[in-house]
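1. The following block contains a protein sequence and its predicted model.
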Amino acid sequence: MSGIFSSSVGRKFAMALSAFFLMIFLLMHVSINFTSVFSPELFNKMSHFMGTNPVIQGLMQPVLIIGVVFHFVMGFVLEYKNNKARQVSYAKNNGGANSTWMSRNMLLSGAVVLAFLVLHFIDFWIPEMNVKYIQGDMSGLLADGETFRYYHELVEKFHSPLRVGAYVLAFVLLALHLLHGFMSAFQSVGANNKYTKALKGFSKVYAIGVPLLFIFIAVFHHFNGH
């Protein structure tokens with residue numbers, strides 16, 4: 001295992017695998033959240049299942065947290081190694097002409113997304129862990145004892161325009177991060193072949209579409225929540 005992380009190629013390969021894992025999670029997450037737009041009941045049922053299923057809570061959730069931490073730590077390590085390798089100065093090198101803004105600022109966009117994840121954990125994950133495992137309430141119900149609380153809590157979080165603004169900014173930067181990172185992940189695992197053009201098209205659809213859906217959900221509940 002240490003051999004993988006000792007080389008630049010190995011580190012990029014590991015980074016790509018963690019990126020694929022997180023991109024699959026993002027797609028699942030936005031799919032579930034989008035149900036809140038047209039069916040609060042379905043969103044409540046899916047949220048309760050995800051929040052109480054022992055396999056998801058006991059196995060997949062810890063793996064997800066490890067994957068998030070690994071991806072960001074590896075990102076900072078790669079950026080440090082790349083900067084160290086660029087100590088040689090090129091008098092006539094124009095970085096802006098040789099690379100995109102996204103590729104030059106992956107660390108910046110990643111840091112903002114990481115800050116957003118901290119906010120997201122404070123908003124949703126920590127209160128959820130408190131209710132289920134500290135208070136011991138696994139029912140998922142509101143105080144009336146009849147209605148699931150998940151949709152109500154989601155809408156409540158998006159009442160504040162400042163919080164919605166923070167979410168929108170974070171997802172715009174996530175889109176920029178994904179526009180470079182998605183295709184870069186495929187290149188890191190050697191997916192440069194006849195399907196490259198199709199992958200580029202799909203990566204743009206994913207990188208723009210998924211964050212846009214998250215933004216739509218936040219804005220929708222801000223203006224329609226009651």
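-> Ah, there it is.

2. Next one, pLDDT for residue 118 please.
-> Predicted confidence (pLDDT) for residue 118: 87.

3. Ok, residue 58 next?
-> Value for residue 58, per-residue pLDDT: 94.

4. before we move on, what about residue 145?
-> 86.

5. Please state the backbone phi and psi of it?
-> phi 70, psi 10 (degrees, to the nearest 10).

6. Next, count neighbours for the residue lying closest to residue 26 once chain neighbours are set aside.
-> Leaving aside its chain neighbours, residue 26 sits nearest to residue 210 (5.6 Å; criterion: Cβ to Cβ, 6 or more residues apart in numbering). In this view, the C-beta of every residue, glycine as well, is placed from N, C-alpha and C. Residues within reach of residue 210, counting by other Cβ atoms under 10 Å, total 21.

7. Residue 135: how many residues sit nearby?
-> There are 9 residues near residue 135, going by other Cβ under 10 Å.

8. which residues touch residue 66?
-> Contact analysis of residue 66 by Cβ atoms under 8 Å, 6 or more residues apart in numbering lists nothing.

9. How many residues are close by the closest residue to residue 213 other than its chain neighbours?
-> Distance criterion Cβ to Cβ, 6+ apart; nearest residue to residue 213, sequence neighbours excluded, is residue 30 at 4.9 Å. By other Cβ under 10 Å, 18 other residues sit near residue 30.

10. Which residue lies nearest the spatial centre of the chain?
-> Centrality entry for the chain: nearest residue to the mean C-alpha point is residue 26, 5.4 Å, by Cα atoms, centre = their mean.
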